[in-house]
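S.K.: Here is my input; please provide its structure:
(one chain, ligands or ions: 1)
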Amino acid sequence: MPKFFSTVTVVMSNDELKDAYRQYKDRALVMGDQVISYAAFLKAPYLNVFVDMKCLNCHAELREHFGDYGLDMEDYSLPFPIDWCPECGLQHLVPKDIYHKLVINVFK
Ligand SMILES: [Zn+2]
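M.R.: Residues are numbered from 1 along each chain as shown. Got it, this is the predicted structure:
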């Protein structure tokens, strides 16, 4: 689990899990990735782990699935994920904990 920000682990119902699998499958098909089976999907790391993200530019907040971030962080040894904000289109989306640390430092 990440050191510099907190994640949210939720208990997911069967319907939510199936929904998450459908979303994963749709995205994998769009990206041309190989699709894993539902059984394999249920064993994926961080399946029910989310992270609250906040935009440094427009301050939009959203809860994102931690799965892809977690894998990227391992692959590239990233301390925290940074993502594109769906509201303002800038790559300013960071975990809310990081946002607070950065914003507090800027305004001190
Ligand atoms: Zn934004």
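
S.K.: For the strand ranked longest in the chain, which strands pair with it and how are they oriented?
M.R.: For the chain, the strand with the greatest residue count under DSSP state E is strand 49-55. Each strand paired with strand 49-55, and its direction, by DSSP bridges: strand 8-9 (antiparallel), strand 61-65 (antiparallel), strand 93-95 (antiparallel).

S.K.: what's the most buried one of these?
M.R.: strand 93-95 (a mean of 24; mean count of other C-beta atoms under 10 Å). C-betas here are computed from N, CA, C, even on glycine.

S.K.: for the ion, what are the nearby residues on the protein?
M.R.: Applying C-beta under 5 Å from the ion, we find that the chain lies next to the ion at Cys55, Asn57, Cys58, Ala60, Cys85, Glu87, Cys88.

S.K.: Mind putting those into TSV with distance to Asp26?
M.R.: Formatted as TSV, the residues of the chain next to the ion follow (distance: C-beta to C-beta, whole Å):
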residue	distance to Asp26
Cys55	25
Asn57	28
Cys58	27
Ala60	23
Cys85	22
Glu87	22
Cys88	25
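
S.K.: which of the residues in stretch 3-10 are buried?
M.R.: Residues Phe5, Thr7 are the ones in stretch 3-10 that count as buried (16 or more other C-beta atoms under 10 Å).

S.K.: Give me the contact list for that stretch.
M.R.: 1, 46, 48-52, 63, 66, 79-80, 95-98 (C-beta atoms under 8 Å, 6 or more residues apart in numbering).

S.K.: Can you dump the C-alpha atoms of that stretch in PDB for me?
M.R.: Output of stretch 3-10 as PDB, limited to C-alpha atoms (Å, rounded to 0.1, in the frame of the first residue of the first chain):
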ATOM      1  CA  LYS A   3       3.200   5.500   1.900                       C
ATOM      2  CA  PHE A   4       2.400   9.100   1.000                       C
ATOM      3  CA  PHE A   5      -1.400   9.100   0.800                       C
ATOM      4  CA  SER A   6      -4.400   7.100   2.000                       C
ATOM      5  CA  THR A   7      -6.600   4.700   0.000                       C
ATOM      6  CA  VAL A   8     -10.200   3.700   0.600                       C
ATOM      7  CA  THR A   9     -11.000   0.000   0.700                       C
ATOM      8  CA  VAL A  10     -14.700  -0.700   0.100                       C
END
